[in-house]
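> The following comprises the amino acid sequence and a computationally predicted model.
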Amino acid sequence: MDPTLAAVLGGVIGAALALLSLGAMVLSERAQRKIPETSEPIVPTGVATVLSVLRSSAVVMGPEDQVLQASAPAHVLGIVRGERLVVDDILTMVRQVRRDGEIRQQELEIVRGRLGATQYVSARVAPLGSQLVLVLVEDRTRERRLDAIRRDFTVNVSHELKTPVGALILLADAVSEASDDPEAVQRFSDRMRIEASRLSRLVKEIIELSRLQGDDPLENPGPVDINAVIETAVDRCQIDAEDRDIKLVVKTEPELEVLGSEDQLAMAIGNLVENAINYSPDGTRIAVAAHPIGDLVEVTVSDQGVGIPSSDLERIFERFYRVDRARSRETGGTGLGLSIVKHIASIHGGDVRVWSVEGQGSTFTVRLPLRFDPAPGQTVSSSQEEPAAHLPPTPVGQITKETAS
């Protein structure tokens, strides 16, 4: 073969081998880049479905601390923003689990917002595969608050019970020492009856409030005539009002029915009327009115009493809270009456509100859904006007004792 031709053929063959080698290298690199994608997906199949049905806040973290998957509760709770886990303590747990593969659980306090509201959470972090980490967070804030309320309730009950019990012990000793003085014995025994009555009432209201706070549904709710409820409540307080020359005036409208318990509603309205009597000067008037507003009935109790300071308005429905403790001791108030009213209104699907100005009096308004049976083919309109949050006191001079027709 000609040497020149042999050299040309050798060059062509060398170039072809070089091209084949280069192509093999490119294919090898592409294959290597595809191996991680086919061997293990970023988020295992089905994880997103599982996260969507969990009640806990769930987050799947990637190898670079990025959020790969997060459930809706995690966004609502505020631990995830975009692709970041924003709670440093939980992020520290994630890195520790990724490093040693040990499952970790911890109770944490998270301060949120500019107001510094504290949330109490329980965080559990566990490895998910070779590179991923699963974070589960339970919001324990409500449980912590309930525990605090129970502790406060226990402390308050203990304190409130000590007062009448201690008074009874002292009075019993005084009666024993004054056994030869009939007038002193009579005076001490009268006081013992007052303290015993206060103790009995306190225990009764504690039991009633505990039962109402159980969030149990009403047993056998039935139609309740609001006019009958008001009549029962007013009759219960009539003697106390007459003793202080306080006039109770009532104005209602016919056919005001709600669904619930007549006894509980009579207790709620009776507590409001009794409070109005206790905090009103002698010779004044107390107005009790009921009227429909849209699909609600509003029962208002207005007095011309001492009023409530604006700083106390948001707390008067708390258990054992008293605006004037000296007056409560005189009247035998337990500080539970308004709390009972609030819970009775709540379990009947309503609420209670207050308007008050010091020196001008107060108006308490209980709003309850009306019982309404639509005629065949009739629908209930939902376009009724929402009642005002705080109502001015009813002008008692315009109220009569007769039921409006």
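Everything's here; your move. Numbering: from 1, shown residues only.
> May I have the predicted confidence score for residue 73?
The per-residue pLDDT reported for residue 73 equals 87.
> now it, nearest residue through space, not along the chain?
residue 57 (4.3 Å; C-beta to C-beta, 6 or more residues apart in numbering). The C-beta positions use only the backbone N, C-alpha and C, and glycine is treated the same way.
> repeat for residue 178
Residue 178 sits nearest to residue 184 (C-beta to C-beta, 6+ apart), 3.8 Å away.
> mind checking which helix or strand residue 315 is in?
Using DSSP states H and E, residue 315 sits in no helix or strand.
> thinking again about what came up before, surely the residue nearest to residue 178 is in a strand?
No. Assigned with DSSP: H, G, I helix; E, B strand; the rest coil, residue 184 falls outside any strand and is helix.
> helix, strand or coil for residue 263?
Residue 263 - assigned by three-state DSSP - is helix.
> Burial check on it, number of neighbours?
Using other C-beta atoms under 10 Å, residue 263 is surrounded by 12 other residues.
> And residue 266, by the same measure?
By other C-beta under 10 Å, 21 other residues sit near residue 266.
> For the residue lying closest to it once chain neighbours are set aside, give me its contacts.
Spatial nearest neighbour of residue 266, chain neighbours left out: residue 232 (4.4 Å); criterion: C-beta to C-beta, 6+ apart. By C-beta atoms under 8 Å, 6 or more residues apart in numbering, residue 232 lies in contact with 262, 266, 270.
> In which helix or strand does the last one reside?
Taking DSSP H and E as the criterion, residue 270 maps to helix 262-278.
> Pull out the buried positions in that helix.
Within helix 262-278, the residues that count as buried by 16 or more other C-beta atoms under 10 Å are 262, 264-278.
> again, but for stretch 170-187
Applying 16+ other C-beta under 10 Å to stretch 170-187 flags 171, 174, 175 as buried.
> Let's have these in a markdown table, adding pLDDT.
Listed next are the buried residues of stretch 170-187 as a markdown table, based on pLDDT from 0 to 100:
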| residue | pLDDT |
| --- | --- |
| 171 | 83 |
| 174 | 85 |
| 175 | 83 |
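> Now do residue 263 against residue 300, distance only.
In this view, residue 263 and residue 300 are 21 Å apart by C-beta to C-beta, to the nearest Å.
> likewise residue 63?
Taking C-beta to C-beta, one finds residue 63 at 64 Å from residue 300.
> More neighbours: these two, which one.
Each of residue 63 and residue 300 has its neighbours counted (other C-beta under 10 Å); residue 300 has more, 21 against 12.
> thinking residue 241 is in contact with residue 277, fair?
Yes. Using C-beta atoms under 8 Å, residue 241 is in contact with residue 277, at 5.5 Å.
> Could you name every residue contacting both of these two?
residue 286.
> for this structure, longest strand please?
strand 117-128 (DSSP state E).
> For that one, what is the distance to the chain centroid?
Taking C-alpha atoms, centre = their mean, to the nearest Å, the mean C-alpha location of strand 117-128 is offset from the chain mean by 22 Å.
> Verify the contact between the residue nearest to residue 178 and residue 174 for me.
Yes. Residue 184 is within contact range of residue 174, at 7.5 Å (criterion: C-beta under 8 Å).
> does residue 239 sit in a helix or strand, and which one?
Per DSSP H and E: helix 226-243 holds residue 239.
> Now that helix: buried residues?
226, 227, 229, 230, 231, 232, 233, 234, 236, 237, 241.
> At the geometric centre of the chain, which residue do we find?
The centre of the chain sits closest to residue 142, judged by C-alpha atoms, centre = their mean, with a distance of 8.3 Å.
> do you know how far that one is from residue 306?
36 Å.
> Point out where the stretch 1-150 of the chain drops to low pLDDT.
1-48, 53, 113-116, 149 (pLDDT under 70).
> cool, the stretch 251-400 of the chain as well?
Ranges of the stretch 251-400 of the chain meeting pLDDT under 70: 322-334, 372-400.
> For it, which segments are assigned as helices?
262-278, 325-331, 337-347 (DSSP state H, counting those that start in this stretch).
> got it, and the stretch 51-200 of the chain?
72-77, 88-100, 141-177, 182-212.
> so how far is the third one from its chain's centroid?
Read that as helix 141-177. The answer for helix 141-177 is 25 Å, by C-alpha atoms, centre = their mean.
> do stretch 57-68 as well
Put simply, stretch 57-68 sits 32 Å off its chain's centre (C-alpha atoms, centre = their mean).
> Residue 269 versus residue 255, what's the distance?
Distance from residue 255 to residue 269, by C-beta to C-beta: 18 Å.
> no no, residue 150
29 Å.
> just so I have it, where are all the strands in the stretch 301-405 of the chain?
351-357, 361-369 (DSSP state E, counting those that start in this stretch).
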